[in-house]
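> Need a 3D model of the following:
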Amino acid sequence: MTELSDQRVLVAGGTAGIGLAIARRAIAAGARVVIAGRDPQRGAAALEQLGNLQASFIRGDAGDPAECTAMVAAAAESLGGIDALFCCSGGNPMPCLLKDIPLDKVMGIINRSLAPTILPARAVLPTMTQQGHGAIVCIASDAGKLATPGEVAIGAAMAAIIMFCRAMAYEAKRQGIRVNCITPSIVEGTELHDSLMSDSFAGRLFSKAKTLAHLGVVQAEDIAEAALFLAGPGAARITGQTLSVTGGISAI
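This is a model prediction of the structure:
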């Protein structure tokens, strides 16, 4: 078990799914946690699920520069700094063949997946630079590594997140800041999973993918374990890396 005693943790997109699983796991490891999201009702429900006084909620849209800046600043003030940031706010993009996406919608799909993940990482940079240390873990998708029908726009955003993390890691290492990325495929126990499996096109795509997960279909808790390892002391020399967690669906 990764030990994060008294670590100050911000989970952007921490009100459900992977983000909530990371928050739960971080609390169990001894961290003080702020979860952030757009919806106060979802935030209150998440805190009830966490059932721990070491967690609090801050409202903010991670994809909006001004709100993201305010969100990170509020978390840093509440916690007295931020030792680890988990970026889990990528939204719930649905696969769609490129020919079926109107031209004026393409960039919106990309930005809705991209901005909420990379903006918190940039926003926390001054805080972690002043501290002289920090760990950032971004959640993307294997669609950024492996071309898949229906995920052209999504894959473009995920590939951008992967390169963002790699390049930011190279810049930020002099400040003692580590940046890594996790790329799942299908993840059970999330709202996105349920939406994908109920969609006629995506359901066929990911039902087939599940048959390749010979190690078991990934759960949100699996991603949380990997994320906390990358943010913890056991990964003190790891930065700029992208880790696939897919249960064997891919090997890239």
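> Heading C-terminal from the longest strand along the chain, find the next helix or strand.
Taking DSSP state E as the assignment, the strand of the chain that covers the most residues is strand 177-184. Taking DSSP states H and E as the definition, the helix or strand that follows strand 177-184 towards the C-terminus is helix 191-198.
> Contact partners for the residue nearest to the spatial centre of the chain?
What sits nearest the mean C-alpha location of the chain, by Cα atoms, centre = their mean, is residue 88, with 2.6 Å. Residue 88 makes contacts with 11, 12, 13, 14, 17, 18, 19, 22, 117, 139, as judged by Cβ atoms under 8 Å, 6 or more residues apart in numbering. Any C-beta I mention is one placed from the backbone N, CA and C, and that applies to glycine too.
> which regions of the stretch 101-250 of the chain lie under the pLDDT threshold?
Low-confidence segments of the stretch 101-250 of the chain (pLDDT under 70): none present.
> quick one, helices of it?
Using DSSP state H, counting those that start in this stretch, the helices of the stretch 101-250 of the chain run over residues 106-123, 125-131, 152-172, 191-198, 200-210, 220-231.
> The longest one packs against which elements?
Right, the one you point to is helix 152-172. The criterion is 3 or more Cβ pairs under 8 Å, 6 or more residues apart in numbering; DSSP states H and E, and the helices and strands that helix 152-172 contacts are helix 106-123, helix 125-131, strand 134-139, strand 177-184, strand 242-245.
> Restrict the last one to CA atoms and write it as PDB.
What that stands for is strand 242-245. Provided in PDB are the C-alpha atoms of strand 242-245 (Å, rounded to 0.1, in the frame of the first residue of the first chain):
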ATOM      1  CA  THR A 242       2.700   6.900 -19.700                       C
ATOM      2  CA  LEU A 243       1.300   3.700 -18.100                       C
ATOM      3  CA  SER A 244      -1.400   1.700 -19.800                       C
ATOM      4  CA  VAL A 245      -3.800  -0.100 -17.400                       C
END
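> now that strand: how far from the chain's centre is it?
Its chain's average C-alpha position is 12 Å from that of strand 242-245, according to Cα atoms, centre = their mean, to the nearest Å.
> Paired strands for it, with orientation please.
Sheet neighbours of strand 242-245, with direction, are listed as strand 177-184 (parallel) (DSSP bridges).
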